[in-house]
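Novice: everything below, folded, please.
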Amino acid sequence: MSTMTFPVWCDPDGQPVACVEKIKVMHENLEELRQMAQDALEDAILMGCDEHQVRAFMVGLMQGLENPYQA
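Specialist: From the prediction side, this is the model:
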């Protein structure tokens, strides 16, 4: 697995998230997501799908995620 470079995570007010455990969970979740996306991309290419179409779909998938905690 490649090592990802992460930003400093900030709260909605722009202040850095300081909790080490929260940051650890965030990084683990994103590493897992990256690996799943990589596997899906590789499978799609091996099955003959167009790489650019698959990537565009994945971008749309991420952009379509909803925040269930909005007030």
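Novice: shouldn't residue 69 be within a strand?
Specialist: No. Counting by DSSP: H, G, I helix; E, B strand; the rest coil, residue 69 is located in no strand; its state is coil.
Novice: please identify the buried residues of the helix or strand hosting residue 24?
Specialist: Applying DSSP states H and E as the criterion places residue 24 in helix 20-46. Buried residues in helix 20-46, defined by neighbour count with 16 or more other Cβ atoms under 10 Å: residue 44. Just so you know, the C-beta spots here come from the backbone N, C-alpha and C atoms, and that holds for glycine as well.
Novice: again with stretch 49-59
Specialist: When neighbours are counted by 16+ other Cβ under 10 Å, the buried residues of stretch 49-59 are found to be residue 54.
Novice: sec struct for the residue located most distally from the centre of the chain, please.
Specialist: Most distant from the centre of the chain: residue 48, at 24.2 Å, with distances by Cα atoms, centre = their mean. Secondary structure of residue 48, reduced to three states by three-state DSSP: coil.
Novice: how much space is there between it and residue 10?
Specialist: For residue 48, the distance to residue 10 under the criterion Cβ to Cβ, to the nearest Å works out to 42 Å.
Novice: how about residue 54?
Specialist: 31 Å.
Novice: now swap in residue 24 and tell me
Specialist: When distance is defined by Cβ to Cβ, residue 24 is 17 Å away from residue 10.
Novice: what does residue 27 give?
Specialist: Separation of residue 27 from residue 10 (Cβ to Cβ): 15 Å.
Novice: same deal with residue 58?
Specialist: Between residue 58 and residue 10 the distance is 25 Å, computed by Cβ to Cβ.
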